[in-house]
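> Sequence and predicted structure, then a few things I'm wondering about:
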Amino acid sequence: MNRHDDVLAFLASDEEMSARRHTVSPATIDRLREEHSDIPEDYLAYLREVGCGDHFSDDFTLFGGLVPPDEIFDAESAAELGGILCFGSYGIGDIVGFLPGQGWKVVEIEHVLVSAHDVERTFGELIRELLGMDEPRDTLGP
């Protein structure tokens, strides 16, 4: 049994969305683990079992790895987001990521103000909420 069998079963009903995701290679998972020894296993398991790419129509894209803010934002904005490693984006432009220096807390970056806030849930909780598998909480963006 995989950690994310419930997500796979939920997503299986949408063949188009399934075609827009792909699992991440074991070599990439190993590289992520080598670069970040305390990276959440739930996140790695999701990449390995469910995959990255488009989720929930065009509303959310999960990256195939961790992306530093300077690859997404201008230099000044990226400097203000120091330490965050981004793992996905909403269709409207907001970004979600981890704060490794704070126990891999999940944060959302509002793209207009370029400010981050704690979404107060784990990676797995966030994904299941975005899918509509869990009840939403007020702290989540779109």
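Great, that's in hand.
> which ones are touching Ser115?
Counting by C-beta atoms under 8 Å, 6 or more residues apart in numbering, Ser115 touches Ile109. Placement of C-beta: from N, CA and C, glycine included.
> For the chain, which segments are assigned as strands?
Taking DSSP state E, the strands of the chain run over residues 21-22, 52-55, 60-67, 85-90, 95-99, 105-110, 115-118.
> out of those strands, which comes closest to Leu131?
Nearest to Leu131 among these is strand 52-55 (7.2 Å), distances taken as C-beta to C-beta.
> Can you add distance to His4 and mean pLDDT and give the strands of the chain back as CSV?
As requested, the strands of the chain are exported to CSV (distance: least, C-beta to C-beta, whole Å; pLDDT from 0 to 100):
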stretch, distance to His4, mean pLDDT
strand 21-22, 12, 78
strand 52-55, 12, 78
strand 60-67, 12, 91
strand 85-90, 15, 92
strand 95-99, 17, 95
strand 105-110, 16, 94
strand 115-118, 23, 90
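> Would you point to the one among those that's packed deepest?
Sort those by mean neighbour count, taking mean count of other C-beta atoms under 10 Å, and strand 95-99 sits at the top with a mean of 23.
> thinking again about what came up before, looking at the strands of the chain, spot the one closest to Gly124.
strand 105-110 (9.7 Å).
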